[in-house]
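Peer 1: Here's a sequence, model it:
(one chain, ligands or ions: 1)
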Amino acid sequence: MLIGVIADTHDHMDNISKAVSILNERGVDALIHCGDYVSPFTYNTFKELNDNIKENFMGVYGNNDGDRVFLKENLGRICDFVGMELIKELDGKEMYATHIASKRTVEALAKSGEFDIILVGHTHDPVNKKYENGTLVVNPGEACGYLSKNPTFAIIDTAKMDAEIIKI
Ligand SMILES: [Mn+2]
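Peer 2: Numbering: from 1, shown residues only. As a prediction, the model looks like this:
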């Protein structure tokens with residue numbers, strides 16, 4: 001199963017559109033947004049996702065997601081907003097996603113072996129690390145590219161239990 005992971009889109013409609021095209025082309029089965037969508041109008045771009053991705057489109061809120069009422073009303077038509085933390089089994093893999101977690105917390109959680117996949121955002125800095133126990137930690141980086149000028153997202157292959165950081 002291919003799981004797209006995106007975060008910190010921060011209203012960058014062009015980059016969201018490019019990421020959506022790649023996700024559709026690659027035929028991913030699910031998409032997790034790790035927060036900082038910002039404006040509800042990004043629905044207009046995310047709605048171009050393939051139907052099968054939209055059926056498995058989930059996300060957590062970021063610290064910049066202030067308008068939760070209209071995010072849920074607009075983007076909520078295709079994205080399941082689960083709150084601050086997502087705990088979900090996909091393809092037999094236990095997954096945890098949140099917007100903000102300190103490095104120390106992520107490392108402790110990864111070493112615990114409680115989850116197979118741990119997803120974070122917020123730093124705008126991509127991370128793709130596999131621990132000795134097999135736990136995969138992924139930060140897809142910033143889809144907006146505002147801070148790094150290097151917009152990215154990620155695709156996880158659950159069969160291989162690896163992730164690819166993809167430049168937008
Ligand atoms: Mn952000």
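Peer 1: Which residue is most remote from the mean position of this structure?
Peer 2: No residue in the chain sits farther from the centre than E132, which is 23.1 Å out by Cα atoms, centre = their mean.
Peer 1: mind checking the SS state of D36?
Peer 2: Secondary structure assignment for D36 (DSSP: H, G, I helix; E, B strand; the rest coil): coil.
Peer 1: In this structure, what residue spans correspond to strands?
Peer 2: 2-6, 30-33, 57-59, 80-81, 85-90, 93-98, 117-119, 127-130, 136-139, 152-157, 162-167 (DSSP state E).
Peer 1: now these in CSV, with distance to S21?
Peer 2: Bear in mind the C-beta positions are built from the backbone N, C-alpha and C, glycine included. Shown next, in CSV, are these (distance: least, Cβ to Cβ, whole Å):
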stretch, distance to S21
strand 2-6, 12
strand 30-33, 13
strand 57-59, 16
strand 80-81, 22
strand 85-90, 23
strand 93-98, 23
strand 117-119, 22
strand 127-130, 22
strand 136-139, 21
strand 152-157, 12
strand 162-167, 11
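Peer 1: mind giving me TSV with those and columns for distance to F46 and mean pLDDT?
Peer 2: TSV is the format used below for the strands of the chain (distance: least, Cβ to Cβ, whole Å; pLDDT from 0 to 100):
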stretch	distance to F46	mean pLDDT
strand 2-6	9	98
strand 30-33	9	98
strand 57-59	8	97
strand 80-81	12	94
strand 85-90	17	97
strand 93-98	17	98
strand 117-119	18	98
strand 127-130	23	98
strand 136-139	20	98
strand 152-157	13	98
strand 162-167	17	98
